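Engineer: test case, fold it:
(3 chains)
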Amino acid sequence: MRRLVQIPEALVGLGILAVLVVMALAAPMLFPGDPLAIKGAPLLPPFQEWSLPLGTDRLGRDVLAELFHGARTSLAVGLAAAAAAIAVGAVIGTLAGFAGGILDETLMRITDAFQTVPSFLLALAFVSVVGPSLTVVVIAIALSAWTGPARVARAEVLSIRERDFVAGARVIGMHPLEIALREVLPNALPPVLALSSVIVASAILIEAALSFLGLGDPNRVTWGGMIAEGRTVLRSAPFLSIVPGIALVLTVLGVYLAGEGVVEGTAVRKGLS
Amino acid sequence: MSRALLLLRRRLVGSIFVLLIVIVGTFLLLEAAPGDAVDAYLVSTGGDAGLVEAMRQSWGLDQSAATRLANYLWALLHLDLGQSVAFSRPIRDVILERLPVTLILMGASTALSFGVGSALGIYAGARPGSVRDRVLSTASLALYAVPGFWLALVLVIVFAVDLRWFPISGFETIASGKTGFARAADIARHLVLPVTSLGVIYLALYLRMMRAGMAEVWRLDFIRAARARGLSRRRIVLAHVARNALLPLVTMLGLQSAQMLGGSVVIESIFSVPGLGRLAQEAVAMRDTPLLLGIILVSAILVVLINLLVDIAYAFLDPRVGASEASA
Amino acid sequence: MSDFSLTRRSVLSGAAVLLASTALPTIGWAQEPQKGGRLTVAADSEPRNLNPAIVASNGVFFISSKVVEPLAEADYEGKDGLSPRLAVSWEGSEDGKSVTFKLREGVTWHDGKPFTSADVAFSALQIWKPLQNLGRVVFKDLEAVETPDEHIAVFKFAKPTPFQLIRNALPALTSVVPKHIYENGKIEENPANTAPIGTGPFKFAEHKAGQYYRLEKNTAYWGKSEPYLDEIVYQVLPDRSAAANALEAEEIQLAAFSAVPLADLDRISKVPGLKVVTKGYEGLTYQLVVEINHRRKELADVKVRQAIAHAIDRDFVVKTIFLGYAETATGPVPKNDKQFYTADVPAYAFDVAKANALLDEAGYKAGADGKRFKLKLLPAPYFNETRQFGDYLRQALAAIGIDAELVNNDSAAHMKAVYTDHDFDLAVGPPVFRGDPAISTTILAQSGIPDGVPFSNQGGYKSAAIDAIIAKAAETLDAKARTDLYKEFQKKVVEDLPFINVADWTFISVASDKVGNIADNPRWAVSNWSNTWLAQ
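Structural biologist: Next comes the predicted model:
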């Protein structure tokens, strides 16, 4: 952690993320009730009324409240999708790498198949077909993102599985599945986790693009949904899409910077040890 | 050349299983969708019960899913992609019409992102840790964080509506009668904004990979040796560091080609470019299963071909590939 | 809600247009019409079938009405609101079993062959009656079409069919296609369905999928010195903001069917060289309707339905969602319909307290969290406005303790969920009012419609009284008596609320000042544009 602080980019990234987390946690306290509730005259510009500092949208909803609650959904989507993608990818990659043979071959061809289909197209088709809700969007993003972690995990497992502690576990008579999941997987995890910042960031962007195409969950505020709503008035009320747009860019940037910082930080530590 | 052929054969054999999984998966996904092609069609027309039933029958949607999948695969064996229900035309024609547009769009965007990205990457990576390195790589990250559709909307307003430097949309001027060079120039003018929107985001990717790769290479022994030999810095950067750092970028090129079609869905609809990405979105909306299958098949084949080219390029760039090929 | 100058202005202009549809005909009167030029128009979709005789829908008409003509077109001043096209006169018999059309002479098809009564007979019997989405209702009892000479067609009905209905159906349902092109082979697979051949002022030239349609001037058109334009190009612009941008950049000259979002109209009306035209769509009124699934126990109670009607602030909907470009609805017939509309129906004023009281009365008391029950709300995805109204309705229902969850389906999924699977509690739909209740609004109240029929009563509603009125009107020949029956229908529907009408809206065009003679009839966007011209 101390090393992290020495890299200015990482510091900026962590700072952005901290603000974001505070926003997400504080949203229900600062703006209780449904953020989609109609609070005032529609299309009120920012800084006009004290109670609605960032103005209102097409229906008269409080943009600031939407922004705070949007932080919750964007973060939730990003983290949930990344967690799901990494979990699924790590398990599949571990199984493939550890078992080898026909199971490996099958799992890797399935991975190939998923990588052949453009991931955004897959997410788009999945959401159109199942119908957009937050869970479906998370699953769709995870579906298109698990292949990277799977490949990395498999490569890592291939190098681990011949090591002493694995052989040791075999000797005590542990079930192969138990060895794979309890001994090998945890050790293969670090390089897989290094992918998480990229996956979180791209999950947030994919959610935004899906919302932009009208495939968002209408019961929840998301920044992508706000941009999509605001784009019909992009020329006359640009703040409606600029405000969530900036939030989105800053968040994604924060995730990248912090992620790189962590990787760089660990690299430095490794180099020193 | 024979090595390339061997590579091709191995790829194709492996690809057949992959394609089969893709086809069956896509088919099942659309099969699970609520509403079929007739439902999608009725949105704009309406109609009574008799009409709806007659339509399902004439479009073959009254058959079971298994029968339709079997029929599709059987036709595919005969290289027949089938008939599009949304366009009532052979799918082969519909796709062939759009393929060149997609190839031009993707090719130009890739060239832009790869060319400019790696050039800037070399510039930044020539002095790792310098101010210009930090500024360039952070700026490129910021660019990478911008949603593509957002960038596109802004570019349209600035460069097409306000400045009128470029046309707002389309692939070429409608029924202009232009041919040859004039037509190519016309298409190029139309594609400046979509190519920029699509390419700029990946530009950051290549830039960052290049500078990260160069940072690694700088540490290697042979660079120290080259320095010791007193070679000019410029020569070391270009001939040794950058050349070696280029390899992972070429691999990335292959991986990225599969993803571009997805990214182009939004860009093609914002700029009204008649490419495959937009067609795929329409196919989903119209529940045109055979059309979506056709597009995904064609794009998968493209991906396989591009990766093959990447492998060949790799072989040229890095003589070690020949040795490691057997184990790959 | 504070006073809002922008909205108020547009409310006034919108209302004025809808109420006074006989006001100033067009805007381009200042100049003499000019010949020549290419008109480029925004198109947001590419219809699969361009044959308006088979598919009577606005998306198809928008393009094909310039190529294929109906027997008569809607008109602001003409008798019965019609002006002649391929028919010059029409007359119904006393017994309601025959209608005689006198056809226009000297008309040729685009391939040079003469247009005769045989083409009309063929279109009516082989296409409108068996294949057309709406013709299947109106012409279901059409038995034969007699052609005593080349320019007279006599429609013979097996059962009395109201002449009023036939007349109202003429503009949309009677596109005539050439017999010699369609008589061989399967009509649904005829190549002319994608490259139509007609008698209209423009010939179909080409379609580049994903890019454009191009129509060319028909130099042999029957209309004297018409058409004015050399070419019409429909540029496919799938993105919602593209039309406004293209107009501003002068790449297109016209965006019809509200292709420019309502929210952008105020800004674009100030752009020099562009005009916003609210006329020309009176015959294509869309109704914003809350469809109700009466299988749901709570919604089967009329008190609950009335509570929902009281919870909706119709003025807010018109002002905020439609930015004034709509009219509040009082019942199942829009106010701008001069034949059938009646204001003599119960009113449901916006009254949250009353709505809450009705729900308490119905026995659905609010729980500790203030909620009475949960509902699934499916707004139709076809229009921005239906989606936005869905967002609004969720909030309006929350105010009376009903917790509505929005389901955001795409078009195909929405069709299936609402009209086949009945997997909804409330839905927001945009049915079209087609100038006669028999071919539009009654289908939402009538019982006994099979599952899967789009835009019909799939909510399981059944009222013997309403069914009886609809059945009686279908065989009432006298126009006055028939109109009275439909007035009774409106009253009954608003009393019992099988569905709730919220607003009625028509579309808006944005055009370059150079375009002349636009919006000169109530179906202008889907009429033949033979007198539309472009200043050079």
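
Engineer: what about whichever helix or strand residue B:52 is part of, distance to the chain center?
Structural biologist: Element membership for residue B:52 (DSSP states H and E) is helix B:49-58. Centre-to-centre, helix B:49-58 and its host chain are 38 Å apart (CA atoms, centre = their mean, to the nearest Å).

Engineer: and the helix or strand following it, is it in reach of chain A?
Structural biologist: For helix B:49-58, the succeeding helix or strand toward the C-terminus, using DSSP H and E, is helix B:65-77. No - judged by CB under 8 Å from any CB of the partner chain, helix B:65-77 stays clear of chain A, getting no closer than 14.1 Å. No exception for glycine: its C-beta is placed from N, CA and C like everyone else's.

Engineer: outside of helix B:65-77, which residues touch it?
Structural biologist: B:23, B:24, B:27, B:31, B:60, B:61, B:63, B:81, B:82, B:289, B:290, B:293 (CB atoms under 8 Å, 6 or more residues apart in numbering or on different chains).

Engineer: with stretch C:153-167 instead?
Structural biologist: So stretch C:153-167 is contacted by C:80, C:82, C:90, C:92, C:95-101, C:103, C:117, C:120-121, C:124, C:138, C:141-148, C:339, C:436, C:438-439, C:473-477, C:479, C:482-483 (CB under 8 Å, 6+ apart).

Engineer: and those residues, which of them are buried?
Structural biologist: C:80, C:82, C:90, C:92, C:96-101, C:103, C:117, C:120-121, C:124, C:138, C:141-142, C:145, C:147, C:339, C:436, C:438-439, C:473-474, C:476-477, C:479, C:482-483 (16 or more other CB atoms under 10 Å in any protein chain shown).

Engineer: and the pLDDT at residue C:295?
Structural biologist: With respect to pLDDT, residue C:295 scores 95.

Engineer: could you do residue C:391 as well?
Structural biologist: pLDDT for residue C:391: 93.

Engineer: wait, is it part of a strand?
Structural biologist: No - according to DSSP: H, G, I helix; E, B strand; the rest coil, residue C:391 belongs to no strand; its state is helix.

Engineer: show the pLDDT at residue B:66.
Structural biologist: Confidence for residue B:66, expressed as pLDDT, is 86.

Engineer: what's the spacing between it and residue B:31?
Structural biologist: 10 Å (CB to CB, to the nearest Å).

Engineer: same question for residue C:238.
Structural biologist: 26 Å.

Engineer: more neighbours: the two, which one.
Structural biologist: Neighbours were counted for residue C:238 and for residue B:31 using other CB atoms under 10 Å in any protein chain shown; residue C:238 has more, 20 against 15.

Engineer: I'd guess that one is in a helix, am I close?
Structural biologist: No - counting by three-state DSSP, residue C:238 is located in no helix; its state is coil.

Engineer: do you know how far the spatially closest residue to residue C:406 that is not a sequence neighbour is from residue A:133?
Structural biologist: For residue C:406, ignoring the flanking residues on the chain, the nearest one in space by CB to CB, 6 or more residues apart in numbering or on different chains is residue A:218 at 4.1 Å. For residue A:218, the distance to residue A:133 (CB to CB) stands at 9 Å.

Engineer: ok, residue C:191 next?
Structural biologist: 43 Å.

Engineer: tell me which of the two has more neighbours.
Structural biologist: Remark: of residue C:191 and residue A:133, residue A:133 carries more neighbours, 19 against 10, as counted by other CB under 10 Å.

Engineer: can you show me the helices along the stretch 251-400 of chain C?
Structural biologist: Along the stretch 251-400 of chain C, the segments classed as helices by DSSP state H, counting those that start in this stretch run C:262-268, C:302-311, C:314-316, C:352-361, C:384-398.

Engineer: point out the residues in the stretch 201-328 of chain B that sit beside chain A.
Structural biologist: So the stretch 201-328 of chain B meets chain A at B:255, B:258-263, B:265-266, B:277, B:280-281, B:284-285, B:292, B:296, B:299-300, B:303-304 (CB under 8 Å from any CB).
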